[in-house]
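**Q** One predicted model, sequence on top.
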Amino acid sequence: MKLSSLIKVISNEIIKPSSPTTTHLRHYQLSFFNQIMPPMYISSAFTKRTMHTQNSALIVLPNLVHSTQSLSNILKHYYPLAGRLKDNNLSVDCDDEGVLYREAEVKCQLSDIVAEPNPTEMKKFLPCDNDGTHHLPFAVQVNHFTCGGIAIGACISHKIADGSSFIHFMKNWAATARGESDVIYPQFQSSTLCPPATNLSGFDPTYVMTKEKLV
């Protein structure tokens, strides 16, 4: 199924943290391992069917997409995600510029997509290409299907998070949307555990990236 003609972006919004990042946290220095990560996104799409069917992903609940307030609230604890990568992607300016929050309409049934998932087509549910312009640490696209189902596509910078951290953030976002108060937030101190390199001249982190189509 070709999704290009079925998806229509209906809104683009920048969501900022609900409270400003304090001055001493405005500069987030990446650790050595983060520095050498390629400038790409870790991405995934989480689907939620209508109330009459089972969830295909338990991480996200319906109220997560009814309001952007929960995203704003969680960003104050994940402040690097609302900043901008700088210094050739070696650090983050936690300036509270915000994250991209996009909504789109999909003129088909969610069951049509789930029945025959196509990885290439599923990328249409994401707000950006995995190897595209890399300046937003986090972006999200909420896709609304005609059946009432949703697919939340999210991209997070591999410079800031790995797969486990990505899932942890999505779970905490969902918990915040549900109004839970026992959420455990991370401490961004990786550079103290693994100090950054002082000189990476000549190193190209994009050397592992390829657009070659492999089977």
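**A** Nice, I can see it.

**Q** Only C-alpha atoms from now on, for both contacts and neighbour counts.
**A** Will do.

**Q** for this protein, which spans come out with low pLDDT?
**A** 1, 49-67, 131-134, 201-215 (pLDDT under 70).

**Q** most centrally placed residue in it?
**A** Nearest to the geometric centre of the chain sits Cys155, at 3.2 Å (C-alpha atoms, centre = their mean).

**Q** and Lys171, that's in a strand?
**A** No - read with DSSP: H, G, I helix; E, B strand; the rest coil, Lys171 is helix and lies in no strand.

**Q** Check the gap between it and Ser164 for me.
**A** 11 Å (C-alpha to C-alpha, to the nearest Å).

**Q** repeat for Phe188
**A** Counting by C-alpha to C-alpha - Phe188 and Ser164 are separated by 15 Å.

**Q** Looking at the two, which one has more neighbours?
**A** Phe188 (16 against 8; other C-alpha atoms under 10 Å).

**Q** Does the spatially closest residue to the more buried one that is not a sequence neighbour fall in a helix, a strand, or a coil region?
**A** Nearest residue to Phe188 in three dimensions, chain neighbours excluded: Tyr28, at 7.9 Å (C-alpha to C-alpha, 6 or more residues apart in numbering). Tyr28 falls in the strand class when you classify it by three-state DSSP.

**Q** quick one: contacts for Tyr28?
**A** Going by C-alpha atoms under 8 Å, 6 or more residues apart in numbering, Tyr28 touches Pro80, Ser91, Val92, Asp93, Cys94, Phe188.

**Q** Tell me which stretches of this protein form strands.
**A** Secondary structure of the chain (DSSP state E): strands located at 7-15, 27-29, 41-48, 84-86, 91-93, 99-106, 138-145, 150-157.

**Q** May I see the ones you listed organised as CSV, with distance to Ile74 added?
**A** Below are the strands of the chain laid out as CSV (distance: least, C-alpha to C-alpha, whole Å):
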stretch, distance to Ile74
strand 7-15, 11
strand 27-29, 18
strand 41-48, 18
strand 84-86, 17
strand 91-93, 18
strand 99-106, 12
strand 138-145, 13
strand 150-157, 15
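
**Q** count of neighbours near Ser70?
**A** 22.

**Q** That one contacts Ala175, correct?
**A** No - Ser70 sits out of contact with Ala175 when judged by C-alpha atoms under 8 Å, with a separation of 9.0 Å.

**Q** returning to what we had before: show the contacting residues for the residue nearest to the centre of the chain.
**A** Tyr41, Ile42, Ser43, Ser44, Leu126, Pro127, Cys128, Asn130, Phe138, Ala139, Val140.

**Q** Relative to Gln109, how far out is the residue lying closest to the third one once chain neighbours are set aside?
**A** Spelled out, it's Ser43. Excluding its sequence neighbours, the residue lying closest to Ser43 (C-alpha to C-alpha, 6+ apart) is Cys155, at 4.3 Å. Noted for Cys155: a distance of 23 Å to Gln109, by C-alpha to C-alpha.

**Q** and Pro20, how many residues sit next to it?
**A** There are 14 residues near Pro20, going by other C-alpha under 10 Å.
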